[in-house]
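Novice: With the input below, show me the fold.
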Amino acid sequence: SNMELAMPLFFCLALLLLNAAAAEEGSCGPGCCPRKKVGGEDYTFVYESDAATSHQGCLDPCVYTRDGGNGSPICFKAGKLPVQCIKCKKLPGLPKKYCQPGEKCWPTAEQIKKFRHTINENHSDTKSCLKLERFVYIGDETAHQKVCLPYTGLINQTDKQCKWPGPRSPTGNYQTPDPNCDQNPFVTGAYYDENGLACMTPYQFLNNRNYKKEWMAAFIVTADTPEDIQHAVTFAKKHKLGISVFSTGHDMQDRNAGPGPNTLLVRTTCFRNWEPVLNEAIEDAQGHKWKEGFAIVGAGLSFGINFWTTLKNAKGTYELAAESNKETVGGTCHSVGIVGWSIGGGRGWTSPKYGLGVDQLLHVDLVSANGSLISANPSHNADLFYAVRGGGGGFGIIYSIKIKLHKPSCKDTDTGKLTMKKCYTMNTANWTGDYDKIHTPIRVQKILESFVKWSVKNRPSWNSIAQLWYLNTSTADGDYTGKNKYKLIIGANQFGHVNSTSFQMAFKDFTTDRIYFNTSTTSKPGAICQGKEAGCGDIWQIKTDKYWCEEFPDYNNGSNCTDSPWHLERWAQAIRFVVNTSIENNNLIKDLINTWQPSCDKNPYAPCASGYQIHGDLPAINHTSGRGVFFSGGAVSDGFRDSVFQVFNYGVNSAKVNLTFSQQEEWMHYTLGPALYPYSKASYFNEAEYTLSPGQWEERFWGKEKHCKLLETKMKYDPTFTFACRHCVGSEVGSEPEK
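Specialist: This next block holds a predicted model:
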């Protein structure tokens, strides 16, 4: 056996973190033992670092930690201790246990009373900005008494057209549950009254979120000061409670539920600040001075109108930025909260032109795991700033951020001043018709192939989206009734006053099943024509002042627009991934079509994809760097950085079988995902497949080296895993908190 001597890396962990080249040289090389026994002590491999050999003169670049030690990095020099290389990895430890009702750690009635006083004592009112108690405990009688408030996040089950208004009976071999019509603790018994107010209990209001697991918090603090968050973190740590955090509840991954049920939930909805700073330069993540303006933004803000419609700044960041004649980057759903979206990567309407959400971040303020107030930016706590730019949640509770603002895309032709007036042109092309199993798939494939080539070529001046459905029900769908019909809609938004015909020309030859629109400005403008006739065109087009709008009730008035309605519900599974420009030449589009309705045509008793979305709202690629424009580093994976589309399926069909919800999800995970993931290197942290496997999600979100770096940062700022959530850094199999 070899003789070795364990040497602590006294040049300190900080050096490894700062020396990116050393820390990221490959995390699990073939020369490193997964485990080592040296002199009777057990050591576990952590990562490779050239610094171990170049600075410390160790035998190899392998860095370990001693089992049962304090987590310090250790390498090995030549010595006299016996060493044994153990090829198998150590079994992972049990996940951290968080306190549950009935256990000794659970707060007593007196402790809860004292905590309630602590939360309320520095406020003039016990009610938060939501008009609900600032602190709510599941055991409070008043928490379960119905109230009615101006809130739009409640799902209206009549709108979902539940299939079974009464008791269910099996159909064929299977029984198909509709998860949005089932009883659930979030909205059961809730409704909208005759005045349009949402009526539910305070406990339901505050817990309401997108969900898959029906986990609800036992303690809820609706914070509006950093001190409120500090008190909440201190109380949770004292009683070993899990902590959950959210503002709008829009998350799709159950991350906002924390590590399990009965957590302490910190709601950041009441951090409502919006402060534009237009004439001051600020350092960005690339070390440059950003001079176009920035905004100081509270964690409670959404991009469009908030679910809580009467709150301060409820109109959202798009409108608020426009009031200062500025564009900004944000999500494509009005109700998405800015913080969770930003720290997970962030794609949206203006990303093709200005980069991802993480590229907009200039500064964050948060409460750390030890209850401290911490700021992070390019020159202060830079490792933490790196982690929150793509690493997702789990590094602290963010209550304020600074983001970039951008100049408008247009100039007034008369004054020469920058303007947003009629600066954005919405374009829509539509194909709808009877589904023909021979010709429709071939035609749709050709249209989508033309779409991806056009979309890649025309960024950053355009964002775009293609949406494909097979309509297999008799439910009315807009101007068409389904049942063996298909629909393909391609939308594109152009930035700037230049009138480009490239979108129209890209699809001019695809006339079969084409929908035509009335181009008249006087007689039913925008209405659907019966065919290609005088006054009708193949593109629905409208100029607007608002690039974030989705619905235009008045075709002639681009300023009169709204967002599509949204609500919170049980979130359905989907296979979601990002792809680079190889989509122009590989077989992905062909395989999307093959897994769509043609698969059900061939295998009527098996599932197939109901449809697909292809989002062209990722940054234009800089051909010199191979990365998206405004690239600013951070933890986002390289595979995301060079991607140009996000792709995901709409749902699951079957020609002969009423699939259960579980059967649909299993088909997506075990069949659809493996068929499509070979075309992709990455998944978007905020919108990934829910059922990604251990090891798979770490690789697809960040990649091996960036994940290693994130885990080091997690252990530095939160060594006891105070903040934990699903598919977050620190929740990996085998990751254990510091004892």
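Novice: can you give me the strands in the stretch 451-600 of the chain?
Specialist: For the stretch 451-600 of the chain, the strands defined by DSSP state E, counting those that start in this stretch cover 462-471, 476-477, 480-481, 485-495, 517-518, 536-537, 540-544, 576-579.
Novice: quick one: strands adjacent to the longest one?
Specialist: In other words, strand 485-495. In the sheet, strand 485-495 lines up against strand 424-434 (antiparallel), strand 462-471 (antiparallel) (DSSP bridges).
Novice: With distance to Cys608 added, can I get the strands of the stretch 451-600 of the chain in JSON lines?
Specialist: In this view, the C-beta of every residue, glycine as well, is placed from N, C-alpha and C. Formatted as JSON lines, the strands of the stretch 451-600 of the chain follow (distance: least, C-beta to C-beta, whole Å):
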{"stretch": "strand 462-471", "distance to Cys608": "8"}
{"stretch": "strand 476-477", "distance to Cys608": "19"}
{"stretch": "strand 480-481", "distance to Cys608": "21"}
{"stretch": "strand 485-495", "distance to Cys608": "13"}
{"stretch": "strand 517-518", "distance to Cys608": "31"}
{"stretch": "strand 536-537", "distance to Cys608": "34"}
{"stretch": "strand 540-544", "distance to Cys608": "30"}
{"stretch": "strand 576-579", "distance to Cys608": "17"}
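Novice: Which one of those strands lies nearest to Val358?
Specialist: strand 576-579 (14.2 Å; C-beta to C-beta).
Novice: Which elements pack onto that closest one?
Specialist: strand 645-649 (3 or more C-beta pairs under 8 Å, 6 or more residues apart in numbering; DSSP states H and E).
Novice: about what we covered before: which of the strands paired with strand 485-495 is buried the deepest?
Specialist: Highest mean neighbour count among the strands paired with strand 485-495 (mean count of other C-beta atoms under 10 Å): strand 462-471, with a mean of 22.
Novice: Next one: Lys524, what pLDDT does it get?
Specialist: If you check Lys524, the pLDDT there is 77.
Novice: try the one 4 residues further on
Specialist: According to the per-residue confidence, Ile528 scores 86 in pLDDT.
Novice: Please tell me how far it sits from Tyr555.
Specialist: In this view, Ile528 and Tyr555 are 12 Å apart by C-beta to C-beta, to the nearest Å.
Novice: how about low-confidence regions in the protein?
Specialist: Scanning the chain for pLDDT under 70 picks out 1-30, 55, 89-90, 157-182, 473-482, 521-522, 736, 738-739.
Novice: Most remote residue from the middle of it, which is it?
Specialist: Using C-alpha atoms, centre = their mean, the residue of the chain lying farthest from its centre is Lys80. It sits 52.2 Å away.
Novice: so where do the strands sit in the stretch 51-200 of the chain?
Specialist: Listed in chain order, the strands of the stretch 51-200 of the chain (DSSP E, counting those that start in this stretch) span 62-66, 74-78, 81-86, 135-137, 147-149, 191-192, 198-200.
Novice: Now do the second one against strand 62-66, angle only.
Specialist: What that stands for is strand 74-78. Interaxial angle of strand 74-78 relative to strand 62-66 (axes from the mean of the first three to the mean of the last three C-alpha atoms, to 10 degrees): 110 degrees.
Novice: so which of the strands paired with strand 485-495 gets nearest Leu405?
Specialist: Taking C-beta to C-beta, strand 424-434 is the member of these nearest to Leu405, at 16.8 Å.
Novice: Output the closest one in CSV, but only the C-alpha positions, please.
Specialist: Written as CSV, here are the backbone C-alpha positions of strand 424-434 (Å, rounded to 0.1, in the frame of the first residue of the first chain):
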residue,chain,number,x,y,z
TYR,A,424,-43.8,47.2,-31.0
THR,A,425,-45.5,45.2,-33.7
MET,A,426,-47.4,42.1,-32.7
ASN,A,427,-47.8,39.5,-35.5
THR,A,428,-49.8,36.3,-35.6
ALA,A,429,-50.1,33.5,-38.2
ASN,A,430,-52.7,30.8,-37.7
TRP,A,431,-53.3,27.4,-39.3
THR,A,432,-56.4,25.5,-38.1
GLY,A,433,-58.2,22.7,-39.8
ASP,A,434,-59.2,19.0,-39.9
